[in-house]
Structures are given as C-alpha cells and as structure tokens.
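Colleague: Give me the fold of what follows.
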Amino acid sequence: MSETPWSNESKTVVGFSKATGILLYGGFGIAGLVLGYFLPKIAAFVIQLPWVPFEGPLKLINSINGGWLNIALAILGLIAGLVLAWIAIHEMLIATITDKEVKLEKEGHQKTIAIRDIDTIFLDGKQLVILDKSGAELAREKIDESLKDIRAGFEKHNYPWSSEGDPFKDAYRRWVPDTPDISPSANALMKAREKALQDKNTADIKDLRNELAKLEIVVRDEETRQYWRLQQSK
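Modeller: Numbers count the residues shown, from 1 in each chain. Presented below is the predicted three-dimensional model:
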C-alpha cells in the first residue's frame, strides 16, 4: 500500500498515514457490516450449489431472517472488519525518520537506530535493509510502501541510501548442508532455519537469523533457499 510519507520539518513517517488508517478501518469496517447484514441471503445462495461443504451451518444461517438478528450479524461483521484492519496496521512496518535516528515499529516492537551507526540503506525486494559499517544487518523488515516514497523519506534526512541495492550482493554464497566454510554450530542453525522456511515459521526464521548474526553471518533468502556471507568491511 503506497501513501505519500507524512512529514514535518523534524521527522518523516513512512509506512503509515492517517489516510491509510481511514482507508483500512473504513474499508474493512464497511465490508464487514455489509457482509454480516446480508449473510443469510449469501448463505441461501451458496447452499444451492451441489458441491458446497458445511451445508448444516449454512442452512442455520439462512434461517435467520429479518429483525434484530440481521442487525446483530451486521454489528458482528463490523467488529470483525475493524479487528482485521487493526491486525493489518499492527503488522505494518512504520519508520519514523529524523536527522538523528530512525525508529522502526512493527507488531508492537520498536527499534531505534542512530544515523551515525548506519552505513547503507536499500530495498531487497519488499524488505527494508539497514547495514552498519561492518556489513552487519541492523534491520531487515518487510515494508508495504513504494520505493520512491521510502527513498524520499530517508534522503530527506540525509541517510546513506543505496540506489544500486545491496553493496554485498556478490559476496553471498548458496548454503548447502555441512558447508565447510562455516562452523558446525552455524551449519546447525542454517539447517534449522531451512526447516523454518519450509514450514513458514516466521518467528523461528527471524530468531535464527539473529542467532546467525551473533556468529557474524548474514543471511538472505530466495523462497526456501538460503544464501550467506560473512560480515566484512567495505
């Protein structure tokens, strides 16, 4: 979702705006309200299909006609829509950028990085990546924003944005089990992380990336394939 970054003289906010909030809460809320109100009619249409599952519950919903029950379903739909909007906003990465630091907020967690500690910022696909001078990743998070707006937000406050992408892209190597160039403990972490990628366990994927960072190993993914490099000075 692309929105023009909100800014004033001292800070720029990328990834969320009041317009985004209004759009999500309004859109999901209205959709839930309408869906809830017309749910009995929708169920009546669906149960006519020969292949539809859960016929019993659908017939029960279809039996609800008029009066306060339709209003109750509409209210429940509205609440469900608002909850979905809150979840969507909660999972967004919000970057608040000033001349001194950038604060990243996502899923209730915050991380603040001083501009003096940052060497390079770029997008890797839909992920915002921030590197320090050793090439270590200070942050790697998915961001729902356009490249133009993200870049403009950081360049406005004189952050080192890389138009060429990852300056270490040629240093990555494909990981295979028992790679001899890294330690057995690092190989064990990579193996566990490969399984987490296959299982789409986002918490383990992130935690194991952090554990590898402690061993000065930087990882990037292409689907379930892992590529690695060592931290180094440019």
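
Colleague: Show me which residues of the longest helix along the chain are buried.
Modeller: Ranked by number of residues, the top helix in the chain under DSSP state H is helix 67-90. Of all the residues in helix 67-90, those buried under the rule 16 or more other Cβ atoms under 10 Å are 70, 73-74, 76-78, 80-82, 84-85, 88. Any C-beta I mention is one placed from the backbone N, CA and C, and that applies to glycine too.

Colleague: Could you do stretch 125-138 as well?
Modeller: 128-131, 135-138.

Colleague: now for these, which pair is the farthest apart?
Modeller: The most widely separated members of these are L128 and G135, with 16.5 Å between them, by Cβ to Cβ.

Colleague: helices or strands up against the following helix or strand past the longest helix of the chain?
Modeller: Sequence-wise, the next helix or strand downstream of helix 67-90 (DSSP states H and E) is strand 94-98. Contacts defined by 3 or more Cβ pairs under 8 Å, 6 or more residues apart in numbering; DSSP states H and E place strand 94-98 against strand 11-14, strand 101-106, helix 147-156.

Colleague: Let me know the average pLDDT across the longest one.
Modeller: Read that as helix 147-156. Helix 147-156 carries an average pLDDT of 93.

Colleague: And it, what does it pack against?
Modeller: Short answer (3+ Cβ pairs under 8 Å, 6+ apart): helix 147-156 packs on strand 11-14, strand 94-98, strand 120-124.

Colleague: Quick one: those strands as CSV, columns for mean neighbour count, mean pLDDT and distance to A171 too.
Modeller: Listed next are the helices and strands packed on helix 147-156 as CSV, based on neighbours: other Cβ atoms under 10 Å; pLDDT from 0 to 100; distance: least, Cβ to Cβ, whole Å:
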stretch, mean neighbour count, mean pLDDT, distance to A171
strand 11-14, 21, 90, 28
strand 94-98, 20, 94, 26
strand 120-124, 20, 95, 13
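
Colleague: Switch those over to a markdown table; also include distance to K156.
Modeller: Below are the helices and strands packed on helix 147-156 laid out as a markdown table (distance: least, Cβ to Cβ, whole Å):
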| stretch | distance to K156 |
| --- | --- |
| strand 11-14 | 6 |
| strand 94-98 | 8 |
| strand 120-124 | 13 |
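
Colleague: I'd like to know which of these is closest to I30.
Modeller: Of the helices and strands packed on helix 147-156, nearest to I30 by Cβ to Cβ is strand 94-98, at 24.2 Å.
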